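Colleague: Predicted model and sequence follow; I will ask about them next.
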Amino acid sequence: MTIIELKKMMMKAKKEDKTKANALMMLVDSAQKIAKEKGEEVSEKTIQEAAKKLAKMAKESIEAGMEEAKKELEIYESFLPKMLGEEETTKIVKEIIDEIGGKNMGEIMKRLKARGDIDMALASRIIKSL
């Protein structure tokens, strides 16, 4: 997904769904801000980073009782990579432990984070249990 495609989605949503349009507008703004801070162009990774940040904020809003944030959360999560389940994560953690030959949690977490499709809280629990 490029920033241009994202902006087109936003413009189309303005005619159909105000909530979706506002969520996409926040996503565009956030992605552009992140890219500017890093001194780079807006990439798919930047958009995902912005979506992750906004999804976290939406979850906090839902916890605070703002039910309308559920739709925003769905929109932001649609831009995030699909997270692996516990079984797949455990398999990957075991492979990394075998590969580096130790229990250096920092190195394991670093490698898992680089993948982008691992729930880091889940990974942390798995590593501690192993």
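Modeller: Cool, the structure landed. Keep in mind that what you see is a predicted model, and the values were worked out from it rather than measured.
Colleague: and T46, how many neighbours?
Modeller: Applying other Cβ atoms under 10 Å, we find 21 residues neighbouring T46. (C-beta placed from N, C-alpha, C; glycine too.)
Colleague: One more: K56?
Modeller: Using other Cβ under 10 Å, K56 has 12 other residues around it.
Colleague: Now do the SS call for it.
Modeller: Assigned with DSSP: H, G, I helix; E, B strand; the rest coil, K56 falls in the helix class.
Colleague: cool, and E67?
Modeller: Going by three-state DSSP: E67 is coil.
Colleague: any idea how far K18 is from it?
Modeller: Separation of E67 from K18 (Cβ to Cβ, to the nearest Å): 16 Å.
Colleague: what do you get for I62?
Modeller: The spacing between I62 and K18, counted by Cβ to Cβ, is 19 Å.
Colleague: Which of the helices or strands spans the residue most central in space within the chain?
Modeller: With the centre of the chain defined as its mean C-alpha position, the nearest residue by Cα atoms, centre = their mean is K52, 3.4 Å away. Using DSSP states H and E, K52 sits within helix 44-63.
Colleague: Would you mark the buried spots in that helix?
Modeller: For helix 44-63, the buried set under the neighbour-count rule, 16 or more other Cβ atoms under 10 Å, comprises 46-55, 58-59, 61.
Colleague: Domains in the chain, by residue range?
Modeller: By the record's domain assignment, the chain is partitioned as 3-77, 86-129 (automatic domain parsing).
Colleague: With mean pLDDT added, can I get the ones you listed in a markdown table?
Modeller: Output for the domains of the chain, formatted as a markdown table (pLDDT from 0 to 100):
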| stretch | mean pLDDT |
| --- | --- |
| domain 3-77 | 92 |
| domain 86-129 | 84 |
